[in-house]
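Colleague: The sequence and its predicted three-dimensional model are supplied below.
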Amino acid sequence: MPEYSALSHLRCSRCGRESPAAGVREKCQCGGILFAQYDLTAVAASWSKEMLASREPNLWKYHELLPVRNESNVVSLCEQMTPLLTLPTLSGRLDVPNLLVKDESRLPSGTFKARGSSVGISKAKELGVPGVAIPTNGNAGAAWALYAARAGMPITVVLPTSGPETPRKECVAAGARVYTIDGTIGDAGRLVHDAAQKYNWYDVSTFNEPYRLEGKKTMGFEIAEQLGWSVPDVIVYPTGGGAGVVGIYKAFDELEQLGFIGSKRPRMAIIQTEGCAPLARAFVQGQRACKPWVDPATIAFGMRVPSPSADYLLLDIVYRTDGICTTVTESAIADMRLQVLRDEGFNICPEGAAAFAGVQKLREQGVIDRDEQVLLVNTGSGLKYMDQVADTSTELDLRTGL
């Protein structure tokens, strides 16, 4: 039986250089993103599908393939396995009968960001860092602030002034030091990088350190287990920085090496908005890396990432799986959000609405076949974005009736 974690070392996703999984680590010397590696032989000897099924249905049930070595360092708010929903009315409207939705709004922070923050804060605690700092468009900062509060760890959050109000208030309420700047998340990231070096903070920007990704990959473990240790034909994912996409595919690779799934991979459909589409533009041009997007603007704030650092990984996943990167309009996002709510009573976030709009577009174009099993990820709760919904209510005068 392996220890609580079977973490063995780190490997650069670009140059392949290996290094010990000890101390505070950020990117490789070549600038590549570091991946946590595990003793899969030891895990294979102890894991079984029946054993996993008997564990509590939460993120930490997969702890051997997570990087926290000592269970006492786990910082958790009970991250339950999120459900796969069917939406009969909307599926009929979209002509995608086998549509499933992974609903990440059920997590403690109301978004999928809880996965990365739970694992990331846990590992930061284990490493003994004096504090963490994060640039964010909103929801990642809110999630990290919650888990930092849970751990009793100082956290600094930097986000664009133009970001959503609710997640910013969540950060403040949880006790984070919160700073706003005029600019993009990229500008916030540069400020955090410089400040982290000056004040000895751990910079937990997306893909800057290797452990936040490990929390995101648990989506892939859950998807495979919920589908009877198989994978769907297509995964549709609303994408900004892309940690969810990379994490899911890292999980599938590990599960294949363990013999839990085969070599089949879903076709990845990365959805971006017309107001910020560096990956989609690079895909259309046949490129392996992105150029920064100038003046990004979208109501789906989590997708407003002008220069994703994992561009080479994301585009490689799309090419290897015969997938696609495409865009949807702002009006399609707003309309789809209301359509899903009125058809199904399902209050999705704008990013989730972008994914639904992407399914509609790809089905109309014939990219998605009617008989394919399509899994869409709704990354968060629409309750965080109710300010985007127009109020058309009418005051009721009880003296005159309705």
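Modeller: Now that the structure is in, tell me what you want to look at.

Colleague: where does this structure have low pLDDT?
Modeller: 1-2, 396-402 (pLDDT under 70).

Colleague: those strands in it, which residues are they?
Modeller: In chain order, the chain shows strands spanning 7-12, 18-20, 34-38, 84-85, 99-103, 132-135, 155-160, 177-181, 202-203, 234-238, 267-273, 324-328, 374-378, with DSSP state E as the criterion.

Colleague: now the fifth one, how far from the centre of its chain.
Modeller: Translated: strand 99-103. In terms of C-alpha atoms, centre = their mean, to the nearest Å, the centre of strand 99-103 is found 15 Å from the chain centre.

Colleague: got the angle for that strand vs strand 234-238?
Modeller: Here strand 99-103 runs at an angle of 40 degrees relative to strand 234-238 (axes from the mean of the first three to the mean of the last three C-alpha atoms, to 10 degrees).

Colleague: What's the separation between the nearest residue to K113 once chain neighbours are set aside and L107?
Modeller: Nearest in space to K113, with sequence neighbours left out and distances taken as C-beta to C-beta, 6 or more residues apart in numbering, is A143 at 3.7 Å. In this view, the C-beta of every residue, glycine as well, is placed from N, C-alpha and C. Counting by C-beta to C-beta, to the nearest Å, the gap between A143 and L107 amounts to 8 Å.

Colleague: who touches both of those two?
Modeller: Common neighbours of A143 and L107 are listed as A114 (criterion: C-beta atoms under 8 Å, 6 or more residues apart in numbering).

Colleague: These two: which is more packed in?
Modeller: The residue with more neighbours, out of A143 and L107, is A143; 33 against 25, by other C-beta atoms under 10 Å.

Colleague: thinking again about what came up before, any chance of the strands of the chain in a markdown table, plus distance to N73 and mean neighbour count?
Modeller: Shown next, in a markdown table, are those (distance: least, C-beta to C-beta, whole Å; neighbours: other C-beta atoms under 10 Å):
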| stretch | distance to N73 | mean neighbour count |
| --- | --- | --- |
| strand 7-12 | 12 | 19 |
| strand 18-20 | 18 | 13 |
| strand 34-38 | 15 | 21 |
| strand 84-85 | 30 | 14 |
| strand 99-103 | 28 | 24 |
| strand 132-135 | 14 | 28 |
| strand 155-160 | 17 | 26 |
| strand 177-181 | 23 | 16 |
| strand 202-203 | 14 | 22 |
| strand 234-238 | 30 | 28 |
| strand 267-273 | 33 | 26 |
| strand 324-328 | 37 | 23 |
| strand 374-378 | 28 | 26 |
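
Colleague: for those strands, which one sits closest to S54?
Modeller: Within those, the stretch nearest S54 is strand 84-85; the backing value is 20.2 Å (C-beta to C-beta).

Colleague: which neighbours does that closest one have in its sheet, and in what orientation?
Modeller: Strand partners for strand 84-85, identified by DSSP bridges, are recorded as strand 99-103 (antiparallel).

Colleague: what residues does the strand it pairs with touch?
Modeller: Counting by C-beta under 8 Å, 6+ apart, residues outside strand 99-103 touching it are 82-87, 90-91, 219, 222-223, 232, 346, 359, 373-378.

Colleague: quick one: which of the strands of the chain is nearest G116?
Modeller: The closest of these to G116 is strand 132-135. By C-beta to C-beta, the value is 10.1 Å.

Colleague: The closest one packs against which elements?
Modeller: Secondary structure elements in contact with strand 132-135, counted by 3 or more C-beta pairs under 8 Å, 6 or more residues apart in numbering; DSSP states H and E, are helix 113-127, helix 139-151, strand 155-160, helix 185-199, strand 202-203.

Colleague: who wins for proximity to L66 among these?
Modeller: Each of the helices and strands packed on strand 132-135 has some distance to L66 by C-beta to C-beta; the shortest is helix 113-127, at 5.8 Å.

Colleague: Tell me what angle the closest one forms with helix 139-151.
Modeller: 40 degrees.

Colleague: Which strands or helices does helix 113-127 pack on?
Modeller: strand 132-135, helix 139-151, helix 212-216, helix 218-226.

Colleague: Tabulate those in CSV, adding columns for distance to C12.
Modeller: As requested, these are arranged in CSV below (distance: least, C-beta to C-beta, whole Å):
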stretch, distance to C12
strand 132-135, 23
helix 139-151, 24
helix 212-216, 13
helix 218-226, 21
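
Colleague: just to revisit the earlier point, dump the helices and strands packed on strand 132-135 to a markdown table, plus distance to E274.
Modeller: What follows is those, written out as a markdown table (distance: least, C-beta to C-beta, whole Å):
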| stretch | distance to E274 |
| --- | --- |
| helix 113-127 | 24 |
| helix 139-151 | 21 |
| strand 155-160 | 19 |
| helix 185-199 | 18 |
| strand 202-203 | 31 |
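
Colleague: ok so, going back, among the helices and strands packed on helix 113-127, which is nearest A21?
Modeller: When the helices and strands packed on helix 113-127 are compared by C-beta to C-beta, helix 212-216 sits nearest A21, at 11.1 Å.

Colleague: Residues contacting the closest one, please?
Modeller: The set of residues that contact helix 212-216 without belonging to it, under C-beta under 8 Å, 6+ apart, is 33, 35-36, 59, 65-67, 112, 115-120, 204, 206-207, 243-244, 246-248, 250.

Colleague: Buried residues, it. List them.
Modeller: Of the residues in helix 212-216, those buried by neighbour count under the rule 16 or more other C-beta atoms under 10 Å are R212, L213, E214, G215, K216.
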